[in-house]
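Engineer: This is a predicted model, with the sequence first.
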Amino acid sequence: MSQARSIADHDISDLIAVPKTITEKERQKMHWKEKNGARRMDVQAESESPYEFCIFARAALDDPNDFSVGLRITFQDGSKFNIMRCNGNHGRHKNLIEQERIEDLCHVHIATSRYIVSGLSAEGFAENTSEYKTVEGALEYLMKRCNVSYERYPFQ
């Protein structure tokens, strides 16, 4: 069984809370690239955990509400999933286990063990948010909520 298939909710909370840093070298990669009708960005974040973290962002060129910003983890065994995704107001989402719909609102997807053990997408559960309205706001929100900061150099 992969590490991603056996993770508990308290472990997910711990992964969200662990301090993560975007190094100056990675920060220089934080610019949009256009591909297939969308702007895209991917950067690595370092931590003292044994896992790899990646922050990704996608935004449709033709719809400013169609975006997703997320934090992905890669475990030592190579398994991976998105811990959190901050999506724009791009239509609707259904929480399959709870049978709840989110329509026409920004929403945050959060990985949960109940979705993982059910064989569904780890971050299949989502909740409404008014914390952001744009892809830039979603990135700022994700970094704050997932304890991600930029590397700072002392003045020389």
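Structural biologist: Received the coordinates, thanks.
Engineer: Now do stretch 83-96: distance from first to last residue.
Structural biologist: For stretch 83-96, the first-to-last residue distance is 18 Å (C-alpha to C-alpha, to the nearest Å).
Engineer: Pull out the buried positions in it.
Structural biologist: Residues of stretch 83-96 classed as buried by neighbour count (16 or more other C-beta atoms under 10 Å): Ile83, Met84, Arg85, Cys86, Asn87, Gly88, Asn89, His90, His93, Asn95. The C-beta positions use only the backbone N, C-alpha and C, and glycine is treated the same way.
Engineer: Of the residues you listed, which is the nearest to Ala126?
Structural biologist: His93 (5.1 Å; C-beta to C-beta).
Engineer: Could you check how far that closest one is from Gln99?
Structural biologist: Computed as C-beta to C-beta, to the nearest Å, the His93 to Gln99 distance reads 12 Å.
Engineer: go on, Thr21?
Structural biologist: 39 Å.
Engineer: neighbour count winner among the two?
Structural biologist: Comparing Thr21 with Gln99 by neighbour count (other C-beta atoms under 10 Å), the higher total belongs to Thr21, at 19 against 7.
Engineer: backbone phi and psi for the more buried one, please?
Structural biologist: Reported as degrees, to the nearest 10, the phi and psi values for Thr21 are phi -130, psi 130.
Engineer: ditto for Asp66
Structural biologist: phi -100, psi 90.
Engineer: In terms of helices and strands, where is the closest residue in space to Arg114 that isn't next to it in sequence?
Structural biologist: Among residues not flanking Arg114 along the chain, Ile97 sits closest, at 6.2 Å (C-beta to C-beta, 6 or more residues apart in numbering). Under DSSP states H and E, no helix or strand contains Ile97.
Engineer: pLDDT (mean, whole number) over stretch 82-97?
Structural biologist: The average pLDDT within stretch 82-97 is 92.
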